[in-house]
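1. Got a predicted model here, sequence first, then my questions.
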Amino acid sequence: MSVPPALGRAARIFRRGLRLTCPRCGGARLFSGWFTMMPECPLCGLRYERAQGYFVGAIYINYGVTVTIMVGGGLLLWRYTGFSTARQLVLWMPFGVLFPLWFFRYSRSLWLALEYTLNPEP
């Protein structure tokens, strides 16, 4: 059984997103620093930020992943360890601050991959 071409293309684009590379060519890094995103791909010329406020969707991805991990982890800890609410807050508050900072690049890259999959050319 073969994979449909559209599904194979989407999987390739999302693999590039997880590697933080250009969704079109996969040959160039998206970031020049931790928070500094390149304006376009130096190899294929794909503009990364297509409009003002383009990466608002990345904020939703970052928030959704962070909240899912925190709520799911909190429920699992409560169920299997019986940690009190105060103890859980001590554990999850630093996570809620530090994880979104670390995940920032991935949320932008995944948003770009999703949008490029649905709308390849601006």
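-> That came in fine, so what should we check first?

2. what comes up buried for the host helix or strand of residue 113?
-> Assigned by DSSP states H and E, residue 113 belongs to helix 85-118. For helix 85-118, the neighbour count (16 or more other C-beta atoms under 10 Å) marks 88, 92, 99-100, 103-117 as buried. All C-beta spots, glycine's among them, are computed from the backbone N, C-alpha and C.

3. so which strand or helix has residue 78?
-> helix 56-81.

4. got the angle for that helix vs helix 85-118?
-> Angle, helix 56-81 to helix 85-118, by axes from the mean of the first three to the mean of the last three C-alpha atoms, to 10 degrees: 140 degrees.

5. what is the rounded mean pLDDT of helix 56-81?
-> Mean per-residue pLDDT for helix 56-81: 94.

6. can you give me how far it is from the chain middle?
-> 14 Å (C-alpha atoms, centre = their mean, to the nearest Å).

7. now swap in stretch 38-54 and tell me
-> With C-alpha atoms, centre = their mean, you get 16 Å for stretch 38-54.

8. Could you do stretch 106-120 as well?
-> Worked out by C-alpha atoms, centre = their mean, stretch 106-120 lies 9 Å from the chain centre.

9. for stretch 22-29, same thing?
-> On C-alpha atoms, centre = their mean, the centre of stretch 22-29 falls 15 Å from the chain's centre.

10. Return the residues in contact with the residue nearest the centre of the chain.
-> The residue lying closest to the centre of the chain (C-alpha atoms, centre = their mean) is residue 107, at 2.2 Å. Neighbouring residues of residue 107 by C-beta atoms under 8 Å, 6 or more residues apart in numbering: 58-59, 61-62, 65.

11. could you redo the last one with a cut-off of 6 Å?
-> By C-beta atoms under 6 Å, 6 or more residues apart in numbering, the residues touching residue 107 are 58, 61-62.
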